[in-house]
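*Asks:* Here is the input, now give the coordinates:
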Amino acid sequence: MFKYITKDLPASIVVFFVALPLCLGIALASGAPPFAGMIAGIIGGIVVGSISGSQIGVSGPAAGLAAIVMTAITSMGYGDFLVAVVIGGVIQILFGIGRLGIIGYFFPSSVIKGMLTGIGIIIILKQIPHFFGMDEDPEGDFAFLQLDGENTLTELLKALKALRSS
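*Replies:* The predicted model follows:
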């Protein structure tokens, strides 16, 4: 077990320094407390890595799910969201015990790519006004209807009008 500790320890420290800011950032982007991101990173890194049995596996935060997690927290509430995550984890463990990973082959890759592309488009559209310095909000708001009364499209139109007039 400790045969490769001299190589595993430095590698784990590097992965930790990469994953920690990702865990904190994704938690904040999802509307969850930063501590929840740290706990998720610890569970993903230590528990999943220990249970998986893989020699070279690395598990950690997935930025593509931030918009989905934020929507779930907003619509369900944080407590109910945590219950759903625990139930989902139990289902994944049961699928792992039952060797049911083959179910993943029934989901077309185009659906997964489409979901991730949609999330990327949302992130890009929301950042364009910030890029040009036209949005007064210092923080990005991933909801279509923003707190300042604007929405994604009106914010983009405002940025285009300001660019044309300058």
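*Asks:* any chance you could map the helices in the chain?
*Replies:* Taking DSSP state H, the helices of the chain run over residues 5-30, 34-42, 48-52, 66-76, 78-97, 109-131, 152-165.
*Asks:* Can you tell me how far residue 159 is from residue 113?
*Replies:* For residue 159, the distance to residue 113 equals 28 Å [CB to CB, to the nearest Å]. Any C-beta I mention is one placed from the backbone N, CA and C, and that applies to glycine too.
*Asks:* Just want to know which of those two has more residues nearby.
*Replies:* A count of neighbours by other CB atoms under 10 Å puts residue 159 above the other of residue 159 and residue 113, at 18 against 10.
*Asks:* does the more buried one really touch residue 130, like I thought?
*Replies:* No. Contact status for residue 159 versus residue 130: not in contact, 9.1 Å apart, counting by CB atoms under 8 Å.
*Asks:* coming back round to it: want to throw the helices of the chain into JSON lines with mean pLDDT and distance to residue 59?
*Replies:* Shown next, in JSON lines, are these (pLDDT from 0 to 100; distance: least, CB to CB, whole Å):
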{"stretch": "helix 5-30", "mean pLDDT": "84", "distance to residue 59": "9"}
{"stretch": "helix 34-42", "mean pLDDT": "88", "distance to residue 59": "9"}
{"stretch": "helix 48-52", "mean pLDDT": "75", "distance to residue 59": "5"}
{"stretch": "helix 66-76", "mean pLDDT": "86", "distance to residue 59": "16"}
{"stretch": "helix 78-97", "mean pLDDT": "91", "distance to residue 59": "12"}
{"stretch": "helix 109-131", "mean pLDDT": "83", "distance to residue 59": "18"}
{"stretch": "helix 152-165", "mean pLDDT": "81", "distance to residue 59": "32"}
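*Asks:* closest one to residue 103 among those?
*Replies:* Comparing the helices of the chain by their distance to residue 103 (CB to CB), the top pick is helix 78-97, with 7.1 Å.
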